[in-house]
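> Sequence and predicted structure, then a few things I'm wondering about:
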2 protein chains.
Amino acid sequence: MQENLYLEDASFILSDFDIQKIEENIEQGHEEAVKIAVASLNAPNCADLLEKVSEDNRQIILNQHASAIAPDTYVELDPELCKDVLEDMEAPQVAELISSLESDDALEVIENLDADYQQEVIRKLPSKIRISMEEGLRFPEYSAGRLLQREFVAIPQSWTVAETIDSLKATSENDIPEFFSDIFIITSDSQVSGKVPLSRLIRAGSQIKLDTLIQEEIYSVPALMDQEEVAQIFRRENLLSAAVVDSQEKMLGVITIDDIVDVIDEEAQEDILKLAGVKKPNIYRDVISTSRSRFGWLLINLLTAILASIVISLFDATIQQIVALAILMPIVASMGGNAGTQALTVAVRALAMREVSNINSSRVIWKETIVGILNGIAFAGIIGVITFFWFDNIELGVIIAVAMIINLIVAGFFGAGIPIFLNRIGSDPAISSTVLLTTVTDVIGFFVFLGLAAIFLI
Amino acid sequence: MQENLYLEDASFILSDFDIQKIEENIEQGHEEAVKIAVASLNAPNCADLLEKVSEDNRQIILNQHASAIAPDTYVELDPELCKDVLEDMEAPQVAELISSLESDDALEVIENLDADYQQEVIRKLPSKIRISMEEGLRFPEYSAGRLLQREFVAIPQSWTVAETIDSLKATSENDIPEFFSDIFIITSDSQVSGKVPLSRLIRAGSQIKLDTLIQEEIYSVPALMDQEEVAQIFRRENLLSAAVVDSQEKMLGVITIDDIVDVIDEEAQEDILKLAGVKKPNIYRDVISTSRSRFGWLLINLLTAILASIVISLFDATIQQIVALAILMPIVASMGGNAGTQALTVAVRALAMREVSNINSSRVIWKETIVGILNGIAFAGIIGVITFFWFDNIELGVIIAVAMIINLIVAGFFGAGIPIFLNRIGSDPAISSTVLLTTVTDVIGFFVFLGLAAIFLI
């Protein structure tokens, strides 16, 4: 009987309660109960379990119940954790595991291993799979070639619908993907000439020739294309699958939408983390390497903070005379940083979604600059009045107001301009934009405010 | 003849050069050339064109060549821009446009219109489409009901493969989606009992009963489920489509992966923008409403900056005596802010990806705290030495070092703790985490550094 699982109780997603129960069983030594529980989990749930239990309990599950774990679990696991888990296993065991996966999943698992161990595992693989892994690894990281699945359906263009369906029925399960939604049509010299969606094939008359069913536009992906570009094409054209071709336009394999969903997640994740200076999404990473991976970014930030301090030190005599300046100066810098970050985030995201290109980039920068002027005027008024009442000093109020306008204009201009500039010179705008922007808004913020004060108040 | 478009030259994606050529033709009044160019574009490219040309040229294309624009273009357009464009058109024209779209796309376009205009357009729709739009709009925003496509294939479970294929062939094109990858199997009282992938159907013997082909697990989505949850399920289970059901578990329609890709993009976009206090991805929004939409966030930031200033003002006498404190104090606060943002971003993203739940949240907070201790010690050493050499004052070096350690520990603890806490009390962790964190790291940063100085240096 089929299990019909409705989502109101989300019963097919492992709950915290289920995980707790399994952890209790582990701690009380109920091995059989744990084994049954683990074996009953599908891959996403089993990955969830391994990710969320404590490290000790994870070791127990992996050591005692490895055979109960569905092989696909390792594909669904956080890559960092997957690497750690597999590197604790024996190479032959990993090889066996990899042999049971589809080629794209197998490559995804194997590419994370350290080079030496990877070679050891590859040597243990059956020759057919070994060759396909070696070929896959020859493609650069994050390229289409790394995503491709070598199991696909390709039919000569001269065939009829009936011939195609008969041949699909005759093909053994091992030579065909478990699920597919498109059939690729190839010419006599293995070039892709198009793609027929199954939903079109199944409704066509049996004597119809395949080449009359081909979808109008073909989006073949060269094996060396960056995965972010590939995702962009799937997204734009609402594709379910695309053929990957070599430089002779011969078909190497197929990329399917489920892999692209992972890429989209990964890229969005990367952007958001890069903006904060985090290299990898690493809640499973150990503390030492996490600290180390964050150190570089913090060091750069320390240097920019020191740069800001040097600017302040230029005005130490002024500050000594009017301490109110020391009290107020972080406000101008911080507002510039925040307003700039708003503009920057919008620009980084728009660049990632290909909404901004050379043709409209100056319009985007100009717009953010005007937004800076408008909000600059608004906040100049607010902070000017507050300062006047706080320190009973109208000149100080005017000076902070002017500094605020200038810094918010600078923030808008550089907030949009820095990522657009970095993108144009071929740098990743998400990586260094934030630091550059903060340096600008801090330095200008402190310099303008303290400089104006030095000129007009002393 | 089929157009075979290879991606090495990405010739099927509209280039800046193509756009420039069209803009030149518009400006030189070559109406016919513009019309031919626009008519030759598929929906994604035409949306690109409208997004990237100047506002004047956009108006000309829309006014003079509306008939040349593929209706799907409006679905691909940035929602903000789509709303503006449609609200400039006459209601009957919009109604005609909407009638030519699939039901989920039609709803996506119509739901963005202002309430009054929306009603006007709906009244002009053919009754069948009107009812489906009205039903769709009754579901809450961002729910599964808003995403569902009413064109789907549902087959009684008692049918054989041959009967199913015959019926698919006999169905008119208007009653069936253009592409589909799964067939839904329903019981005699319209409940979903499962789903058969086309790739399985097409390989099955013609006398096989459908219910023997059903996929093991069914993931029916209740119409009221939040779209983010739905996306999570598609992602976890690698689905291409899922049935949407009402509270009686009757099938209302289907959600397909291409809509989910948009949801995933939207949600990732939202998180990244919310962290920076930007409400909507709005490079197409006018300057005034953009400024206004950013004002609130900046105002809150102004208040936290003033709070930090108040903390500083507690120590004004100390600063007057030792100006070096004013010079150095932004360093401690800024390092706390940056280290905290790293922890915060990782936590927000892990929460969004459901990698953190109650069961492992304290482990995540604890880990970030330790990372804070380690990097705190490292940067305490660096800044202590720098300060000693800069101001030739060993006590000042020790004090800033201690303040740095304390603030980086605080940053780690609160950086992970704030979003996890907000998530637990049911708030969106992306929205207010940053402000709360900066307040904490600024206040503690200034207070600890200046406080220690006041105690030990004076």
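Okay, I see it. Residues are numbered from 1 along each chain as shown, chains lettered A, B, ... in the order given.

> ok, now which ones touch A:Leu328?
A:Leu328 makes contact with A:Thr387, A:Leu396, A:Ile400, A:Phe449, B:Ser309, according to Cβ atoms under 8 Å, 6 or more residues apart in numbering or on different chains. (Glycine included, C-beta is placed from N, CA and C.)

> Could you export the residues you listed to JSON lines, including columns for distance to A:Glu368?
Formatted as JSON lines, these follow (distance: Cβ to Cβ, whole Å):
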{"residue": "A:Thr387", "distance to A:Glu368": "26"}
{"residue": "A:Leu396", "distance to A:Glu368": "29"}
{"residue": "A:Ile400", "distance to A:Glu368": "23"}
{"residue": "A:Phe449", "distance to A:Glu368": "22"}
{"residue": "B:Ser309", "distance to A:Glu368": "27"}
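
> Drop anything exposed from those residues.
Neighbour counting with 16 or more other Cβ atoms under 10 Å in any protein chain shown marks A:Thr387, A:Leu396, A:Ile400, A:Phe449, B:Ser309 as buried within those.

> which residues touch the helix or strand hosting A:Ile22?
Secondary structure assigned from DSSP states H and E places A:Ile22 in helix A:16-27. Residues outside helix A:16-27 that contact it (Cβ under 8 Å, 6+ apart) are A:33-34, A:37-38, A:48-49, A:52-54, A:57, A:60-61, B:357-359.

> And these, which of them are buried?
Among these, those buried by neighbour count (16+ other Cβ under 10 Å) are A:Val34, A:Ala37, A:Val38, A:Asp48, A:Leu49, A:Lys52, A:Val53, A:Asn57, A:Ile60, A:Ile61, B:Ser357, B:Ile359.

> want to throw those residues into TSV with distance to A:Trp366 and pLDDT?
Formatted as TSV, the buried ones among the contacts of helix A:16-27 follow (distance: Cβ to Cβ, whole Å; pLDDT from 0 to 100):
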residue	distance to A:Trp366	pLDDT
A:Val34	62	92
A:Ala37	60	91
A:Val38	59	92
A:Asp48	47	89
A:Leu49	52	92
A:Lys52	48	89
A:Val53	53	90
A:Asn57	57	93
A:Ile60	61	93
A:Ile61	57	94
B:Ser357	45	84
B:Ile359	49	84
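
> between those, which is closest to A:Ile331?
The shortest approach to A:Ile331 among the buried ones among the contacts of helix A:16-27 belongs to B:Ser357, at 38.7 Å (Cβ to Cβ).

> what's the closest non-adjacent residue to the closest one?
A:Asp16 (5.4 Å; Cβ to Cβ, 6 or more residues apart in numbering or on different chains).

> ok, which stretches of the stretch 51-200 of chain A are helices?
A:55-65, A:73-76, A:79-88, A:91-99, A:103-110, A:115-123, A:127-138, A:144-147, A:161-170, A:198-201 (DSSP state H, counting those that start in this stretch).

> can you give me the strands in chain A?
A:3-6, A:154-156, A:182-186, A:192-197, A:217-222, A:241-245, A:251-256 (DSSP state E).

> Please name the bridge partners of the spatially closest residue to A:Ile233 that is not a sequence neighbour.
Among residues not flanking A:Ile233 along the chain, A:Tyr219 sits closest, at 5.7 Å (Cβ to Cβ, 6+ apart). Bridge pairing for A:Tyr219 (DSSP bridges) gives the partners B:Leu5.

> okay, now A:Tyr219: neighbour count?
Counted with other Cβ atoms under 10 Å in any protein chain shown, residues neighbouring A:Tyr219 total 21.

> rewinding a little: quick one: average pLDDT of the helix holding A:Ile22?
Helix A:16-27 carries an average pLDDT of 91.

> Would you mind getting the angle between it and helix A:55-65?
Counting by axes from the mean of the first three to the mean of the last three Cα atoms, to 10 degrees, helix A:16-27 lies at 70 degrees to helix A:55-65.

> For chain B, see how far away A:Asn338 is.
Taking Cβ to the nearest Cβ, to the nearest Å as the measure, A:Asn338 falls 5 Å from chain B.

> you'd agree the residue nearest to A:Ile233 is up against A:Ala242?
Yes - A:Tyr219 lies in contact with A:Ala242 (Cβ atoms under 8 Å); the separation is 5.2 Å.

> rewinding a little: which one of the strands of chain A lies nearest to A:Gly381?
strand A:217-222 (53.2 Å).

> rewinding a little: output the helix holding A:Ile22 as PDB, nothing but the C-alphas.
Extracted as PDB, the C-alpha positions of helix A:16-27 are listed here (Å, rounded to 0.1, in the frame of the first residue of the first chain):
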ATOM      1  CA  ASP A  16      13.200  17.500  16.500                       C
ATOM      2  CA  PHE A  17      11.100  15.100  18.600                       C
ATOM      3  CA  ASP A  18      12.000  12.100  16.300                       C
ATOM      4  CA  ILE A  19      15.600  13.100  16.500                       C
ATOM      5  CA  GLN A  20      15.500  13.200  20.200                       C
ATOM      6  CA  LYS A  21      13.900   9.800  20.400                       C
ATOM      7  CA  ILE A  22      16.700   8.300  18.300                       C
ATOM      8  CA  GLU A  23      19.300  10.000  20.400                       C
ATOM      9  CA  GLU A  24      17.700   8.600  23.500                       C
ATOM     10  CA  ASN A  25      17.700   5.100  22.000                       C
ATOM     11  CA  ILE A  26      21.400   5.500  21.200                       C
ATOM     12  CA  GLU A  27      22.300   6.700  24.600                       C
END
